[in-house]
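Chemist: return atomic coordinates for the entry below.
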Amino acid sequence: MEHTAIAPFVKWAGGKRQLLPQIKERTPKTYHHYYEPFVGGGAVIFELLPANALINDINQALINTYTQICHSPEAFLNIVNKLDAEQWEDGKEYYYSLRERYNNKLVKAEYDAEMAALFVFINKHCFNGLYRVNGKGLFNVPYNNSRRTSVDKKAIMETSEYLKSVTITAGDFETACANAKKGDFVFFDSPYAPLNPTSFESYTKEGFDIESHKRLANLYDELTDRGCYCMLTNHNTELIHTLYGDKGYNIDVVSVKRMINSDASNRVGEEVIICNYNFEQF
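Modeler: Residues are numbered from 1 along each chain as shown. Okay, the predicted model is just below:
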């Protein structure tokens with residue numbers, strides 16, 4: 001079935017759109033179920049469109065948006081279109097008023113269609129599509145001076161139809177992979193290992209520390225023992241090579257542009273794509 005309009009509906013830090021060709025060429029030609037424990041903006045699943053898939057993220061507001069688009073696309077579209085249609089005499093003032101409304105819903109844990117619409121609106125109108133919260137858990141990214149339309153109706157409706165066949169969960173990455181079995185494909189677009197102690201990548205209140213990276217590496221080994229096909233992407237750092245090197249995994253280094261980095265001079269870097277199988281044999 002063709003899904004020509006399906007595409008990510010948010011921009012996400014560390015998103016894998018620019019690595020899609022390298023990821024696709026390394027994807028197993030056949031597999032049973034697909035698991036993506038760190039779905040983020042969904043660039044990979046919306047490119048592959050696997051038939052039997054589970055997506056997960058610890059960011060409940062993000063997962064609420066997937067859920068609302070899946071089950072209530074019309075309500076979501078109605079609200080976000082109203083947000084776009086408002087007369088913006090002062091775009092900055094309007095953005096910050098909606099950011100405050102979104103944060104109020106976060107505080108009250110009101111995960112509904114309105115929160116999803118606000119989530120997408122502020123994503124499209126905040127600096128670099130960055131999702132960052134302060135110590136109180138409130139979204140605090142400034143306005144990007146854009147008045148762009150937040151969504152495309154056709155894309156949302158086709159994405160909604162596809163998501164109806166996908167299991168959507170919000171929680172820990174280990175829990176998301178609990179049922180992965182031999183012949184399943186698990187893609188880890190994990191939070192970045194820090195390039196330095198003041199890395200700009202630390203943008204969620206949940207955090208993903210060194211112990212989390214070690215726990216993820218242990219899960220990767222466990223899934224390998226189960227017979228799962230596993231692929232993981234991350235920064236090309238000493239930590240990542242320490243965790244995944246010398247285990248027989250295929251580690252390829254690829255060049256990337258870092259569009260989120262606040263310093264333009266640091267927007268070129270290297271990432272690794274780690275597979276526990278030899279994709280050239282498929």
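Chemist: where exactly do the strands run in the stretch 1-150 of the chain?
Modeler: Secondary structure of the stretch 1-150 of the chain (DSSP state E, counting those that start in this stretch): strands located at 34-36, 53-57.
Chemist: with mean pLDDT, mean neighbour count and distance to residue 66 added, can I get those in a markdown table?
Modeler: Using the backbone N, CA and C atoms, a C-beta is placed for each residue, glycine as well. What follows is these, written out as a markdown table (pLDDT from 0 to 100; neighbours: other Cβ atoms under 10 Å; distance: least, Cβ to Cβ, whole Å):
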| stretch | mean pLDDT | mean neighbour count | distance to residue 66 |
| --- | --- | --- | --- |
| strand 34-36 | 98 | 26 | 11 |
| strand 53-57 | 98 | 22 | 7 |
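Chemist: can you tell which of those strands is closest to residue 252?
Modeler: Judged by Cβ to Cβ, the one of the strands of the stretch 1-150 of the chain that comes nearest to residue 252 is strand 34-36, at 19.6 Å.
Chemist: list of residues touching stretch 163-181?
Modeler: Applying Cβ atoms under 8 Å, 6 or more residues apart in numbering, the contact partners of stretch 163-181 are 32-33, 35, 37-38, 45, 51-60, 63-64, 66-67, 69-71, 186, 188, 190, 215-216, 219, 223, 226-228.
Chemist: one more time with 6 Å, if that's ok
Modeler: With Cβ atoms under 6 Å, 6 or more residues apart in numbering as the test, stretch 163-181 has contacts from 35, 37, 53-56, 60, 63, 66-67, 70, 186, 219, 223, 228.
Chemist: between the strands of the stretch 1-150 of the chain, which one is nearest to residue 136?
Modeler: Among the strands of the stretch 1-150 of the chain, if distance is taken as Cβ to Cβ, the winner is strand 53-57, at 20.8 Å.
Chemist: show me what that closest one is packed up against.
Modeler: Applying 3 or more Cβ pairs under 6 Å, 6 or more residues apart in numbering; DSSP states H and E, one finds that strand 53-57 contacts strand 34-36, strand 166-170.
Chemist: please name the strands paired to that strand in the sheet, noting orientation.
Modeler: According to DSSP bridges, strand 53-57 forms sheet pairs with strand 34-36 (parallel), strand 166-170 (parallel).
Chemist: dump those strands to a markdown table, plus distance to residue 179.
Modeler: Formatted as a markdown table, the strands paired with strand 53-57 follow (distance: least, Cβ to Cβ, whole Å):
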| stretch | distance to residue 179 |
| --- | --- |
| strand 34-36 | 9 |
| strand 166-170 | 10 |
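Chemist: which stretch among these comes nearest residue 99?
Modeler: The minimum distance between residue 99 and those falls on strand 166-170, with 21.9 Å, by Cβ to Cβ.
Chemist: immediately after that closest one, which helix or strand?
Modeler: Proceeding N to C from strand 166-170, the next assigned helix or strand is helix 173-176, under DSSP states H and E.
Chemist: how far does that next one sit from the chain's center?
Modeler: Its chain's C-alpha centre lies 15 Å from the corresponding centre of helix 173-176 when counted by Cα atoms, centre = their mean, to the nearest Å.
Chemist: for the stretch 151-282 of the chain, which residues score under the pLDDT cut-off?
Modeler: Along the stretch 151-282 of the chain, segments meeting pLDDT under 70 span 196-206, 258-267, 281-282.
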